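Asks: starting from these lines, generate the structure:
(2 chains)
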Amino acid sequence: MADPMKIRATLVGDSTEVRVLMSHEMETGQRKDAAGKTVPAWFIQSVTATHNGKTVLSAQWGPAVAKNPFLSFKFKGGAKGDKVQITWTDNRGEKRTDEATIG
Amino acid sequence: MDAGRRKALKTGGGVTLATLLAAAGWLEPGSAHAQAGGWNKAAFDAKTLDEAVKAMGGGAATPSNAITFVSTPDIAENGAVVPIGVLSSIPNTRSIAILIEKNPSLLAASFDIPPGTEAVVSTRVKMGQSSMVYALVNADGKVHVASKEVKVTLGGCGG
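Replies: Predicted structure coming up:
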């Protein structure tokens, strides 16, 4: 099972800056292992961020996103103490959801 | 749409621009991208310019100065981790996509920006070699594009 994400959500003026560090191999499907076999692709396909049940960002990713992906974005309407939830789904169907409190 | 693409190809005069115009197609509402909120396999699968053109349909992208790359290096030492940030000052930006011209699949990531979210995203991508990086922005159904060359010292694909 994947490790938890590191999420930091900070209120800057009237907008909330969210920074996420996910733990994922992001295997491209291009690499070969020592035996010459292609390593199957394994990467995060979609990411959704919600704040109070409202989607504030959704993303579709390809294997070109770097290993242990980093993502940052800003949205308006957040307040201190609110929760921001991030969910990712990879191409094997694995999911992980983590949340952070806006500080 | 087909005729539009042909026109785009003609005016583009080059493979690069043609790809961009085609790539822009998927950003349009009602294209495959918008369907069922699913992963747009065709767009991500495109391995060559021709495939990308087919998979993404037509469209017309206009170059824009209102899109800027933030925290994006001119020279990336390690192609496995290249920070790319895109800031769009175009009103009503609905989505931002990052494409890398010389990667095996052009499309690296796309972001949907709902109202209330600022049109600035940054992430880190892999780059196989020095290449142009394109930022496509869809605002009010119109597609805008900006590009930047990023030189890579050590490739991040394969190996």
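
Asks: I'd guessed A:Val56 sits against A:Thr50; true?
Replies: Yes: the criterion here is C-beta atoms under 8 Å, and A:Val56 meets it with A:Thr50 at 6.5 Å. For the C-beta atoms, the positions are set from N, CA and C on the backbone; glycine is no exception.

Asks: intersection of neighbour lists for the two?
Replies: Counting by C-beta atoms under 8 Å, 6 or more residues apart in numbering or on different chains, the residues touching both A:Val56 and A:Thr50 are A:Val84.

Asks: and the two? Which one has more around it.
Replies: Ranked by neighbour count (other C-beta atoms under 10 Å in any protein chain shown), A:Val56 and A:Thr50 place A:Val56 first, with 26 against 17.

Asks: how about the secondary structure of the more buried one?
Replies: strand (DSSP: H, G, I helix; E, B strand; the rest coil).

Asks: what of B:Phe44?
Replies: helix.

Asks: partners of the helix or strand hosting A:Thr97 in the sheet?
Replies: Element membership of A:Thr97, judged by DSSP states H and E, is strand A:95-101. Counting by DSSP bridges, the strands paired with strand A:95-101 are strand A:83-90 (antiparallel).

Asks: next, the buried residues of the partner strand.
Replies: With burial defined by 16 or more other C-beta atoms under 10 Å in any protein chain shown, the residues of strand A:83-90 counted as buried are A:84-90.

Asks: with pLDDT added, can I get those residues in TSV?
Replies: Output for those, formatted as TSV (pLDDT from 0 to 100):
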residue	pLDDT
A:Val84	95
A:Gln85	95
A:Ile86	95
A:Thr87	95
A:Trp88	94
A:Thr89	94
A:Asp90	91
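
Asks: need those residues in a markdown table with distance to A:Lys76, can you?
Replies: Formatted as a markdown table, the entries for the buried residues of strand A:83-90 read as follows, by distance: C-beta to C-beta, whole Å:
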| residue | distance to A:Lys76 |
| --- | --- |
| A:Val84 | 13 |
| A:Gln85 | 17 |
| A:Ile86 | 18 |
| A:Thr87 | 21 |
| A:Trp88 | 23 |
| A:Thr89 | 26 |
| A:Asp90 | 30 |
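
Asks: just those residues now: which is nearest A:Ile7?
Replies: Comparing those against A:Ile7 with C-beta to C-beta places A:Ile86 closest, at 5.9 Å.

Asks: skipping adjacent residues, who's closest to the closest one in space?
Replies: A:Ala49 (5.1 Å; C-beta to C-beta, 6 or more residues apart in numbering or on different chains).

Asks: dump the residue contacts of the one you found.
Replies: A:18, A:20, A:55-58, A:73, A:84-87.

Asks: got it, and A:Arg96?
Replies: A:1-2, A:4-5, A:22, A:87-88.

Asks: please enumerate the strands of chain B.
Replies: B:61-63, B:67-70, B:75-78, B:82-88, B:93-100, B:107-112, B:117-125, B:131-139, B:142-154 (DSSP state E).

Asks: those strands: which one's closest to A:Ala9?
Replies: Counting by C-beta to C-beta, A:Ala9 lies closest to strand B:117-125 out of the strands of chain B; the figure is 13.1 Å.

Asks: is that closest one in proximity to chain A?
Replies: Yes: Strand B:117-125 is in contact with chain A by C-beta under 8 Å from any C-beta of the partner chain, via B:117-118, B:120-125.

Asks: state the pLDDT value of B:Ser110.
Replies: We note a pLDDT of 87 for B:Ser110 in this prediction.
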